[in-house]
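[1] okay, here's the prediction I keep looking at, along with the sequence it came from:
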Amino acid sequence: QVQLVESGGGLVQPGGSLRLSCAASGSIFSINAMGWYRQAPGKQRELVAAITSGGSTNYADSVKGRFTISRDNAKNTVYLQMNSLKPEDTAVYYCNADCTVVAGTERGRYDYWGQGTQVTVSS
């Protein structure tokens with residue numbers, strides 16, 4: 001089993017910055033892609049940014065140039081640095097990890113989600 005624990009959300013004024021962190025733990029053999037998604041009230045969950053184990057990144061058009069995703073493979077942790085925040089960035093942000101896990105002598109590849117952290121951008 002794998003647990004993803006997120007931190008770093010909160011209330012910030014427009015133009016401000018926040019840094020989200022997500023640490024994965026458990027019976028992890030390897031972590032493939034990691035990413036951040038968000039869901040605003042009344043809207044579908046959407047991809048914000050993703051990063052592969054090799055460091056290739058992908059961003060939603062709405063956050064390009066403002067958000068930066070990074071990861072520390074030694075710590076099984078992914079980060080999302082959010083700058084120039086706008087009210088439309090307000091949402092619950094979820095961490096996602098595509099993990100290969102070990103159970104006895106077997107391995108399996110599964111998708112895991114964090115519990116979500118609230119980001120509110122408001123004056």
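    Thanks, I have it.
[2] which strand residues bridge V119?
    Counting by DSSP bridges, V119 is bridged to G10, A91.
[3] how many neighbours does it have?
    Neighbourhood size, V119 [other C-beta atoms under 10 Å]: 22. Where you see a C-beta, it was placed from the backbone N, CA and C, and this is true even at glycine.
[4] cool, D72 as well?
    With other C-beta under 10 Å as criterion, D72 counts 11.
[5] contact partners for it?
    If you count contacts by C-beta atoms under 8 Å, 6 or more residues apart in numbering, D72 has them with Y79.
[6] just checking, L18 touches V119?
    Yes. Checked against C-beta atoms under 8 Å, the pair L18 and V119 is within contact range at 6.3 Å.
[7] who touches both of the two?
    Each of 9-10, 12, 82, 85 lies in contact with both L18 and V119 under the rule C-beta under 8 Å, 6+ apart.
[8] which of those count as buried?
    For the shared contacts of L18 and V119, a burial check counting by 16 or more other C-beta atoms under 10 Å picks out 9, 12, 82, 85.
[9] could you measure from A60 over to N76?
    For A60, the distance to N76 (C-beta to C-beta, to the nearest Å) stands at 24 Å.
[10] same thing with A50?
    According to C-beta to C-beta, A50 and N76 sit 16 Å apart.
[11] V2: which of the shared contacts of L18 and V119 is nearest?
    G9 (20.8 Å; C-beta to C-beta).
[12] so who does the closest one touch?
    G9 touches 18, 20, 93, 117-119, counting by C-beta under 8 Å, 6+ apart.
[13] and C99, that one's in a helix?
    No. The assignment for C99 by DSSP: H, G, I helix; E, B strand; the rest coil gives strand, which leaves it out of any helix.
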